[in-house]
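A.B. asks: After the sequence you'll find the predicted model.
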Amino acid sequence: MTEPSFQVAAPRSTPVANPLFEYLLRLGDDRLVLGHRLSEWCGHGPILEEDIALSNMALDLIGHASSLLALAGEIEAQGRDADALAYFREAVAYRNALLVEIPNGDFAVTMVRQFLFDAYSVLLWDALSRCEHEGLAAIATKSLKEDKYHLRHSSEWVVRLGDGTEESHERAQQALDSVWRYTGELFDHDAVDDAVAAEAFIAIDHDALHSLWLTMVKDVVHRATLTLPTDPAMRRGGRRGFHTESLGHLLATMQIVARSHPGASW
Amino acid sequence: MDQNPTVAAEDPALLAAFEARIAAGESIEPKDWMPERYRKQLTRMMSQHAHSEIVGMLPEGNWITRAPSLRRKMSLIAKVQDEAGHGLYIYCGTETLGVDRHDLVEALLDGRAKYSSIFNYPTLSWADMGVIGWLVDGAAIVNQTVLAKASYGPYARAMVRICKEENFHKRQGYEICSVLANGTPAQKAMVQEAFNRFWWPSLMMFGPSDTDSPNSAELLKWRVKRKTNDELRQRFVNLTVPQAIAIGITVPDPDMHLDAETGNWEFGEIEWSEFFEVLKGNGPCNRERLEARRKAHDDGAWVRAAASAYAEKQKGRSSTAAA
Amino acid sequence: MSDSQWPLWEVFTQPNKGEPFEHAGSVHAPDGELALQNARDVYARRGEAVNLWVVPSAAIVASAPSDAGPFFDPGNDKPYRHPQFYIAPRGVRIF
């Protein structure tokens, strides 16, 4: 199916400077930005138990990001550690998918976004836990366990919101309709993916992943009595640093203290 | 679970037996007979403590998104998450006294219930994260270690769990301060400035001298409170001043001096009028704290309702399926 | 439907395989699935348990303090309920 989209993925013929580094940034930035978004809920959740659950997911994701960015820094071999990468890169140098940087919105937006990401992440980690790169496979195995638990939480909430009250159903449907356009990017395959497949033997079949993901999503959407969006238009660009305006503000907040004291230890 | 055993009109024999149990160091459990005043005092004390944990998430939550390293970011989220958990343990303990958490939450949001005055102060720099962990959690630990032996079973048990988790909070806070104090001139200034703002309010956390505290005598008799406010405050000061000296932080009290005979760090007069203003609701951010909690609660109503509605539907479905 | 903090559930954790379940505390949840998840987040996120039970608090039937005497007082005149009362012949293994 050809989707109308602004072509920002790297044409497959373009050589990529350090593909494994780029690839790890994508994985790490996804989780750092999403973890940061979830942490914005701390103290503002709909009920105490949910404050704890949201913090739990935030913590896990930032932990995964930390490991991934640390590995990225090692691969880059220019002396940047996870903190240097997290706190001293501009938005255009970030490689997260757009899905994770969009504002939290209401609880429905947060949970729907979380579910769509968790379903993708569980499938991805499952595949990557078997990849040839030992460092990444180890991170994948550990992260898979935690993400499975997140998926359980987010999917159960999507069902409860969809099949709850009229208001929650409406909000859940609106949430699904509004974030759907960011899901295509998760399954894009570009020159970076080709390069890591060739050089680091990390070969993910994105179409197969997308298909499995769609099956999982359809199942939960059905149980939630929601309707799967049909608009094929997808927004993309995060993987190449073409972000929404939200990311700049997110990073300004995240980085301000570190950048105000360059070289300081914390 | 049946929460309320029938309460006779304060039978003196029952009261005497109750007080004998307390004196013998026995634990009072939820279904035991207890004087109505004991039940009321415990409900007030425990719910106030729980509210404090919840409101306490806000001053620190304020800096999660700005934490300057990934390790600090994760530690701070974990700390705030622990505080949510502590509030939860204590609310559940309070519920064993026959009150619903819904009503406790309403009392907080209506402004009827109190919570610790310290959380009405704003957090203005990253260093506040270190200072709060060190001083505020430090003060809480001094309070709580004795509460672990409180006469009411559920409260004591919640406290044991909390104390285990609390230790790392204080150490974390002190470590942040230590790193700052040994850092750049700007960092040193940052931590000293933060310490200056939180020192006196931390001392006020222990409450006024017991002669000015209406509830103390009764709570001491019932072994819910085990030490006086002044005793706990002095213990806190004695612990903390050497820690400050060790990292080169000056205590903002010109009268502070070590009494060689008693071994106590004697401190200056506390400005109690500030404390009472804060208690009345006129502190730097009392309003903001409650507004934040009200907003979270109000915004969350449809979410809570959705989950309840789904649960009701499921019940209906399983009974239909079984039929 | 009026606002609520959801029903109360009692949480029991099994610290290690084979050990007895212990009462850990309570959580609020709208149903069993979320009760289980909430219990895990509150009482088991530091790896303190390998297994969890959650039970609606309303389902618990408890003894009352006034039961103490009749229910629990052992009356130490029943030694035949204790293993030490029985003498086994030497050399015979008793489990």
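C.D. replies: The structure has been received and is ready for your questions. Numbering: from 1, shown residues only, chains lettered A, B, ... in the order given.
A.B. asks: Can you tell me the closest non-neighbouring residue to the residue nearest to the spatial centre of chain A?
C.D. replies: By CA atoms, centre = their mean, chain A has its centre lying nearest to residue A:30, at 3.7 Å. Spatial nearest neighbour of residue A:30, chain neighbours left out: residue A:96 (4.7 Å); criterion: CB to CB, 6 or more residues apart in numbering or on different chains. Heads up, the C-betas are built off the backbone N, CA and C, glycines and all.
A.B. asks: other SSEs contacting the helix or strand containing residue C:25?
C.D. replies: For residue C:25, the element it lies in under DSSP states H and E is strand C:22-28. Applying 3 or more CB pairs under 8 Å, 6 or more residues apart in numbering or on different chains; DSSP states H and E, one finds that strand C:22-28 makes contact with helix A:48-76, helix B:70-95, helix B:153-181, strand C:8-14, helix C:32-43.
A.B. asks: Indicate which one of the ones you listed is closest to residue A:159.
C.D. replies: Smallest distance to residue A:159 across the helices and strands packed on strand C:22-28 (CB to CB): 9.5 Å, for helix C:32-43.
A.B. asks: Could you tell me the angle between the closest one and helix B:70-95?
C.D. replies: Interaxial angle, helix C:32-43 versus helix B:70-95 (axes from the mean of the first three to the mean of the last three CA atoms, to 10 degrees): 110 degrees.
A.B. asks: so does helix C:32-43 get close to chain B?
C.D. replies: Yes. Using CB under 8 Å from any CB of the partner chain, helix C:32-43 comes into contact with chain B via C:34, C:42.
A.B. asks: Which strands border the very next helix or strand once past that helix, and is each parallel or antiparallel?
C.D. replies: With elements assigned by DSSP H and E, the helix or strand that comes after helix C:32-43 is strand C:51-56. Note on strand C:51-56: by DSSP bridges, its sheet partners are strand C:8-14 (antiparallel).
A.B. asks: Which helix or which strand is home to residue A:95?
C.D. replies: Counting by DSSP H and E, residue A:95 is found in no helix or strand.
A.B. asks: okay, now it: neighbour count?
C.D. replies: 23 (other CB atoms under 10 Å in any protein chain shown).
A.B. asks: For it, what are phi and psi?
C.D. replies: phi -120, psi 20 (degrees, to the nearest 10).
A.B. asks: I'd like to know which of the helices and strands packed on strand C:22-28 has the weakest mean confidence.
C.D. replies: Across the helices and strands packed on strand C:22-28, the stretch with the lowest average pLDDT is helix B:153-181; it has a mean of 92.
A.B. asks: Counting by contacts, list what the worst-scoring helix or strand of chain B on mean pLDDT packs against.
C.D. replies: Within chain B, no helix or strand scores below helix B:216-221, which has a mean of 77 by mean pLDDT, DSSP states H and E. Helices and strands touching helix B:216-221, by 3+ CB pairs under 8 Å, 6+ apart, are helix B:36-55.
A.B. asks: rewinding a little: which parts of the strand holding residue C:25 are buried?
C.D. replies: For strand C:22-28, the neighbour count (16 or more other CB atoms under 10 Å in any protein chain shown) marks C:24-28 as buried.
A.B. asks: Over to stretch B:313-323?
C.D. replies: Buried-residue list, stretch B:313-323, by 16+ other CB under 10 Å: residue B:314.
A.B. asks: How about stretch B:224-236?
C.D. replies: Going by neighbour count (16+ other CB under 10 Å), the buried part of stretch B:224-236 is B:224-229, B:232-236.
A.B. asks: Quick check: the residue of the stretch 51-200 of chain A found nearest chain B vs residue A:176, distance?
C.D. replies: Proximity to chain B, evaluated over the stretch 51-200 of chain A using CB to the nearest CB, is greatest for residue A:164 at 2.9 Å. The gap separating residue A:164 from residue A:176 is 14 Å, by CB to CB, to the nearest Å.
A.B. asks: which of the two has more neighbours?
C.D. replies: residue A:164 (29 against 26).
A.B. asks: mind listing what that one touches?
C.D. replies: B:305-307, B:309-310 (CB atoms under 8 Å, 6 or more residues apart in numbering or on different chains).
A.B. asks: what about 10 Å?
C.D. replies: By CB atoms under 10 Å, 6 or more residues apart in numbering or on different chains, residue A:164 lies in contact with A:108, A:157, A:171-172, A:224-225, B:302-313, C:30.
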